[in-house]
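> Kindly generate the corresponding structure for this input.
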Amino acid sequence: MELEKLIDAECVIPKLSASSKKQALRELSQCAAEHTGQPQQEIFDALLERERLGTTGVGGGVAIPHGKLDGLEHLYGLFARLETPIDFESIDEQPVDLIFLLLAPESAGADHLKTLSRVSRLLRDKAVCEKLRGCDSCDNLLALITKRTATLVN
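Below is the predicted model:
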């Protein structure tokens, strides 16, 4: 799935305040619940279940928490830039300040993995991450995430 079909400006949080991994996941779950209509606790539980398998802190200040839910009809994405980096138990042991949340229907199969791979490729690009860290507006962050042609002005 193309990222522009997965996320819109309402699903971009330019300044998320969280002091821990659990708090960040809870805040993101609440926002995701508002946009998907799914219960916040079910989203949070799915994310925690995935974290128990191993951290989704992929390194370079980036985390890509993800999970599957029965009630979703399609893939859903949410991006947050943290006000202050937090410990996310990342593989490189560095704090995280960029989080891309991905939720998928239980039946998503390969689509979920392909989208997860696409998000990972995007956020492994150090230049993209630096630009994301320098943006304050939802529209500019969204343009970078979806690689839309846009004049990026803070």
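> what's the burial count for the residue lying closest to E10 once chain neighbours are set aside?
Distance criterion Cβ to Cβ, 6 or more residues apart in numbering; nearest residue to E10, sequence neighbours excluded, is H35 at 6.5 Å. For every residue, glycine as well, the C-beta is placed using N, CA and C. Residues near H35, counting by other Cβ atoms under 10 Å, number 15.
> The one 5 residues further on too?
The number of residues packed around Q40, counting by other Cβ under 10 Å, is 16.
> Now do the same contact list for the residue nearest to E10.
By Cβ atoms under 8 Å, 6 or more residues apart in numbering, the contact list for H35 reads E10, C11, Y76, L78.
> Can you give me the pLDDT of the second one?
Going back to what we said before, that points to C11. On pLDDT, C11 comes in at 92.
> For stretch 96-110, which residues meet the burial criterion?
Neighbour-count burial for stretch 96-110 flags V96, D97, L98, I99, F100, L101, L102, L103, A104, P105, A108 (criterion: 16 or more other Cβ atoms under 10 Å).
> quick one: which helix or strand includes the third one?
Element membership of L98, judged by DSSP states H and E, is strand 96-105.
> Direction included, what does that strand pair up with?
Applying DSSP bridges to the sheet, strand 96-105 is found paired with strand 62-63 (parallel), strand 66-69 (parallel), strand 76-86 (antiparallel).
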